[in-house]
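[1] model this:
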Amino acid sequence: MNYSIVSRYIGMALFLNAIFMLISAMVSAMNGYDASFSPLMMSAIITFVCGAFPLIFVSSKYEINIKEGFVIVVFAWIFSCIFGMLPYILYGGEFSIANAWYESVSGYTTTGATILQNVEGIPKGLHFWRASTHWLGGVGVVLFMLLILPTVGSFRMKISKMEISDLSKENFRYKARQTIAIITTVYVGLTFLETILLMFGGMSLFEAIIHSFSTIATGGFSTRNLSVKAFDSFYIELIIMVFMLLSGLHFGLLFSAVSGRSKQLFKSPIVRLYLGLILLGGFMVSLNLYFSGVYEVFSTCLRHGYFQVISCGTATGFASEDSSVWPGFSILVITYFTLSCACSGSTTGGIKIDRIWIFFRSVKAQIVRQLHPNAIVSIKVGNNALEPDIVHSVNLFIALYLFIVFAVAMLLSLMGVGLTEAISGSIANMANCGPGFGALGSLGNYSSIPDMGKFLLGVEMLLGRLEIYPLILVLSVNRWR
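    Residues are numbered from 1 along each chain as shown. The predicted model follows:
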């Protein structure tokens, strides 16, 4: 293990974070040098120095191996989260060390859950920093870093393969650099377009940028205590719903469709399943709200039912209403969407709809084998037959994912967290969605969770964002042969 070269590339990730801290400090300066200016400037300087040190003293003329690649990816995330705590700790207020850790990890992993009881009480510079952690984490700290690097040969190829989910690679028919550029082009383009449209809806430029950062990253940090509900605007909710749906699509397919290179977007069975389930789930919740008497007008039920289903189904976590007080059926439907989320190759968390598709296809194949023991049954996604190893790894991932959710919920309950909060909080943090139910509902926060619980949930968020295996592999790196 060449620790010097590892530190060099982690330093690049820190350098990128320092740039966004500096931009956040500039936002603070433009708003009268609010209370976040000094914390952000000090954080930028500290992060810049720590990131620049290995860049100066470590040569870039080394080839990395697979072990070093995994360590770079995982520790780029971990150190980004640690240094991302600095603006919060130096600012003070509600930000203890545990709270700063939770808020930082929640930002980078695009979970969007917060410990803040008064979101509107923090200065604009800190608001921008919170949103920046979403935006960096959504596209991936490592992918963003690779985009701005000069050509580094096989390094870019190795790291991009580790950062991009195995499932999402199936729809990227480009070289590593092209793949990274495509992801970032779609990401920046969607952010810019949504910002303009939200301004037409009456948002200020600042709030439009913050909510666009959160939407495209499928994060959920807002500038308001009541999230999107505070604007009480159907137009704003509609724009955010559309862009949440787009951000849940595979960016490679979306790029091909927009650029006119392919007309396969709606021919993909995964995309059809994703959109079909959203349509069905939103309608079922809306009907449940109407017949339960939550809202008297059916159009209002449709408005809030679809918003919450799309918000949780894309792991964004914005709220137009407090869904934690809705009927049990609606809560169960929303919980399913929180677990499954959207497509691989997007910015969402969760198990991913691709894996749900493969799981049910493998169940169907197993039933056929039971009836016809000698039959050879292949599992396909579209026209592509999947290797048995991929199907096995998908089913194993789902089992491990649910086990971690259950284990974390048990540990939270041992810490005195209520059952509803423990289970829904574990699901929401593992899925990088944010809102749970009860005190952790869509209009609530995580301030009531014990400090040890916040550290635990931070680790769970990282496991969900990195899709479990990279973090486990790095923890056992010394046993690799």
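[2] give the contact list for the closest residue to Glu120 other than its chain neighbours.
    Nearest residue to Glu120 in three dimensions, chain neighbours excluded: Asn225, at 5.4 Å (CB to CB, 6 or more residues apart in numbering). Glycine gets a C-beta too; all of them are placed from N, C-alpha and C. Going by CB atoms under 8 Å, 6 or more residues apart in numbering, Asn225 touches 118-120, 443.
[3] Strands along this protein, start to end?
    380-381, 384-385 (DSSP state E).
[4] Can you list the strands that the last one pairs with?
    Spelled out, that is strand 384-385. Strand 384-385 has the following sheet partners, assigned by DSSP bridges: strand 380-381 (antiparallel).
[5] what's the offset of the partner strand from the middle of its chain?
    Put simply, strand 380-381 sits 26 Å off its chain's centre (CA atoms, centre = their mean, to the nearest Å).
[6] cool, and stretch 395-407?
    Mean-position distance between stretch 395-407 and its chain equals 18 Å (CA atoms, centre = their mean).
[7] of the contacts of Asn225, closest to Asp34?
    Among the contacts of Asn225, Glu120 lies closest to Asp34 (CB to CB), at 13.2 Å.
[8] still on that earlier bit, just the buried ones from the contacts of Asn225?
    Buried by 16 or more other CB atoms under 10 Å: 119, 443, out of the contacts of Asn225.
[9] between the strands of the chain, which one is nearest to Gly418?
    strand 380-381 (40.0 Å).
[10] what about the closest one, average pLDDT?
    Strand 380-381 comes out with an average pLDDT of 76.
[11] same check, this time on stretch 421-440
    Throughout stretch 421-440, pLDDT has a mean value of 94.
[12] rewinding a little: among the strands of the chain, show me which one is buried the most.
    Burial among these, expressed as mean neighbours by mean count of other CB atoms under 10 Å, is greatest for strand 380-381, which shows a mean of 14.
[13] contact partners of that one?
    170, 269-270, 354, 357-358, 361, 386.
[14] Same question for stretch 79-91.
    With CB under 8 Å, 6+ apart as the test, stretch 79-91 has contacts from 10, 13-14, 17, 21, 24, 35-36, 38-40, 42-43, 46-47, 50, 95, 97, 99-101, 103-105, 107-108, 122, 126, 129, 133, 136-137, 141, 458, 462.
[15] For it, output the C-alpha coordinates as CSV.
    These are the backbone C-alpha positions of stretch 79-91, laid out as CSV (Å, rounded to 0.1, in the frame of the first residue of the first chain):
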residue,chain,number,x,y,z
PHE,A,79,-12.3,13.0,5.1
SER,A,80,-14.7,15.2,3.2
CYS,A,81,-17.3,14.5,5.9
ILE,A,82,-14.8,15.2,8.7
PHE,A,83,-13.5,18.4,7.3
GLY,A,84,-17.0,19.4,6.3
MET,A,85,-17.8,19.5,10.1
LEU,A,86,-15.4,22.4,10.5
PRO,A,87,-17.8,25.3,9.5
TYR,A,88,-20.5,23.9,11.8
ILE,A,89,-18.2,23.4,14.8
LEU,A,90,-16.6,26.8,14.4
TYR,A,91,-20.0,28.5,14.0
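[16] How far away from the center of its chain is it?
    From the chain centre to the centre of stretch 79-91 is a distance of 19 Å (CA atoms, centre = their mean).
[17] now swap in stretch 335-352 and tell me
    With CA atoms, centre = their mean as the basis, stretch 335-352 stands 9 Å off its chain's centre.
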